[in-house]
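Participant: Please find the sequence and the predicted model below.
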Amino acid sequence: AQSVSQHNHHVILSEAASLELGCNYSYGGTVNLFWYVQYPGQHLQLLLKYFSGDPLVKGIKGFEAEFIKSKFSFNLRKPSVQWSDTAEYFCAVGGYSTLTFGKGTMLLVSP
Amino acid sequence: NAGVTQTPKFRVLKTGQSMTLLCAQDMNHEYMYWYRQDPGMGLRLIHYSVGEGTTAKGEVPDGYNVSRLKKQNFLLGLESAAPSQTSVYFCASSYLGASNNEQFFGPGTRLTVL
């Protein structure tokens, strides 16, 4: 069975700081990886995904993530965060028909 | 195009009461999912469906039942609610399996069981 571990439960940053959220997974087969985001009062939406090819994937709103197979990692990055990035971020790994989500990282960006 | 909708948005139940949560999608998606979200626990899959008339158990199915009589609807039932079922419930759908297709989520139902 697959599992996902997110390193930080809460992260607090000032605007313009750089962001890196850690995600490690365990899965025996071909892996598909996702980051979903939940802004305050809104439902989850897809930030970015990796299926194959270039291990550096770009998503919406300037986010990117790098798949490092040897480290079983799929860390999310953004060079300069904004107050509007305040949200909860979920890493997920795709199995046969379903996703397994990590426990989430709450990001608070102070202006 | 409403996407994924859920009713009700909020509900308070007493222990032992029953209720049904309704999820509807208008994107002609085959797959539908029910999750619960609890603080510090992330999203956990309750049940899912890979097509009309099918259902399957997820990670935390106990205490819940589901039905997918119509392709566009996915119902989640609680036969005898317990305080441990206090949670936010999210429905999601995807064109095919969520493992390699984007999931679209509903706005959630906040359920409190007293």
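Facilitator: That came in fine, so what should we check first? Residues are numbered from 1 along each chain as shown, chains lettered A, B, ... in the order given.

Participant: what's the burial count for the residue in chain A that chain B sits nearest to?
Facilitator: Nearest residue of chain A to chain B: A:G94, at 3.1 Å (CB to the nearest CB). Glycine gets a C-beta too; all of them are placed from N, C-alpha and C. Using other CB atoms under 10 Å in any protein chain shown, A:G94 has 26 other residues around it.

Participant: so who does it touch?
Facilitator: By CB atoms under 8 Å, 6 or more residues apart in numbering or on different chains, the residues touching A:G94 are A:31-34, B:97-100.

Participant: Excluding chain neighbours, what is closest to A:T100?
Facilitator: A:Q2 (4.8 Å; CB to CB, 6 or more residues apart in numbering or on different chains).

Participant: Of the contacts of A:G94, which belong to strands?
Facilitator: Among the contacts of A:G94, the members found in strands (DSSP state E) are A:32-34.

Participant: For B:L114, give me its contacts.
Facilitator: So B:L114 contacts B:12-15, B:83 (CB under 8 Å, 6+ apart).

Participant: Angles on the backbone of the nearest residue to B:G53 once chain neighbours are set aside, please.
Facilitator: With CB to CB, 6+ apart as the criterion, B:G53 has its nearest non-adjacent residue at 6.3 Å, and that residue is B:R68. Main-chain dihedrals, B:R68, degrees, to the nearest 10: phi -130, psi 70.

Participant: what's the one helix or strand A:T100 maps to in contact with?
Facilitator: Using DSSP states H and E, A:T100 maps to strand A:99-101. Contact with strand A:99-101 is made by A:1-4, A:34, A:36, A:90-93, B:35, B:42-45, B:59, B:98-99, B:103, as judged by CB under 8 Å, 6+ apart.

Participant: interface residues of chain B facing chain A?
Facilitator: On the criterion CB under 8 Å from any CB of the partner chain, chain A has as its neighbours in chain B the residues B:4, B:31, B:33, B:35, B:40-45, B:48, B:50, B:56, B:58-59, B:90, B:92, B:97-100, B:102-103, B:105-108.

Participant: Would you write out the ChimeraX command that picks the buried residues out of those?
Facilitator: Buried residues within those, by 16 or more other CB atoms under 10 Å in any protein chain shown, are selected in ChimeraX with:
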select /B:4,31,33,35,42,43,44,45,48,50,58,90,92,97,98,99,100,103,105,106,107,108
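
Participant: which residues does the residue nearest the centre of chain A contact?
Facilitator: Geometric centre of chain A, nearest residue: A:W35, 3.8 Å, by CA atoms, centre = their mean. Contact analysis of A:W35 by CB under 8 Å, 6+ apart lists A:23, A:46-49, A:59, A:63, A:65, A:74, A:76, A:89-92.

Participant: Would you give the sheet partners of the strand holding A:T100, along with the direction of each?
Facilitator: strand A:87-94 (antiparallel) (DSSP bridges).

Participant: how about the partner strand as CSV, C-alpha atoms only?
Facilitator: Taking C-alpha atoms only, strand A:87-94 is exported to CSV below (Å, rounded to 0.1, in the frame of the first residue of the first chain):
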residue,chain,number,x,y,z
ALA,A,87,-3.5,27.8,2.4
GLU,A,88,-3.2,24.1,3.2
TYR,A,89,-1.1,22.0,0.8
PHE,A,90,-1.6,18.3,0.3
CYS,A,91,0.8,15.9,-1.4
ALA,A,92,-0.8,12.8,-2.9
VAL,A,93,0.4,9.6,-4.6
GLY,A,94,-1.8,7.8,-7.2
